[in-house]
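Novice: Here you go, sequence then predicted model.
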Amino acid sequence: MAHINLPEGLPGIRGPMAFRPETAKPLNELAEVLLRSENSLSRGERELIATYVSSLNDCFYCQNTHGGIAQHYLQCSIDYIDSVKKNFESTDLSDKLKALLSIAASVQKSGKHVKPEQIEKAKSLGATDIEIHDTVLIAAAFCMFNRYVDGLATWAPQDRNIYVERGPRRAAEGYLDFDLYK
């Protein structure tokens, strides 16, 4: 049961966003820019970063919601997403994305955990300044989103297939002007 009286039937972040739409708007605008705008990192890669950070924060709703979207974009299985969350270093990912996930993991602990060696490694593997910037901001934003969801004790469907099924629709709709009540 949520810590405050949220609208009925809205899982995860959707309940708090419906409760306070004036804060939902800028949060959704940030998600839209970070996860869907033009970028040299694919939408799938950026959703995977969000998924990974959410798994490190043990936010069931966010890791499965964004995992379902990443799965759609990357055309992969739920088992693949789980393998990235469990040990991305041993997963079939580009070395650049592995370096960016390492940076994201450091940000999840604290921004001060990001080391110059991690940045240099990412750059040596072809990461641009904007890719590094956006990785750090995605990781930081998802720490906030995860704490928003879990700090209010929102509920989340436990059937992970629901998130897989919703992934294509969420990918198509994006984060702006979507109906919280769907």
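Specialist: Noted; the coordinates are in hand.

Novice: phi, psi of the spatially closest residue to V136 that is not a sequence neighbour?
Specialist: In space, and not counting its chain neighbours, V136 is closest to V107: 5.4 Å by CB to CB, 6 or more residues apart in numbering. Yep, even glycine has a C-beta here, placed from its N, CA and C like the rest. Backbone torsions of V107, given as degrees, to the nearest 10, read phi -60, psi -40.

Novice: Just give the number of residues close to S90.
Specialist: Residues near S90, counting by other CB atoms under 10 Å, number 10.

Novice: Report the secondary structure state of the residue nearest to it when sequence neighbours are not counted.
Specialist: Nearest non-adjacent residue to S90, counting by CB to CB, 6+ apart: S83, 7.6 Å away. For S83, the assignment made with DSSP: H, G, I helix; E, B strand; the rest coil gives helix.

Novice: right, and S83 touches L93 too?
Specialist: No: in this structure, S83 is not within contact of L93 by CB atoms under 8 Å, at 9.7 Å.

Novice: More neighbours: the two, which one.
Specialist: For S83 versus L93, neighbours defined as other CB under 10 Å are more numerous around L93 (19 against 16).

Novice: what residue ranges in the protein are flagged as low confidence?
Specialist: Applying pLDDT under 70 to the chain picks out residues 178-182.

Novice: Contacts made by the longest helix along it with the rest, please.
Specialist: For the chain, the helix with the greatest residue count under DSSP state H is helix 129-151. For helix 129-151, contacts defined as CB atoms under 8 Å, 6 or more residues apart in numbering pick out 3, 12-13, 16, 27, 30-31, 34-35, 39-41, 46, 49-50, 53-54, 57-59, 61-62, 66, 96, 100, 103-105, 107-108, 111, 114, 119, 122-123, 127, 156.

Novice: Which strands or helices does the very next helix or strand once past that helix pack on?
Specialist: As assigned by DSSP states H and E, the chain's next helix or strand after helix 129-151 is helix 160-173. If contacts are counted by 3 or more CB pairs under 8 Å, 6 or more residues apart in numbering; DSSP states H and E, helix 160-173 sits against helix 60-74.
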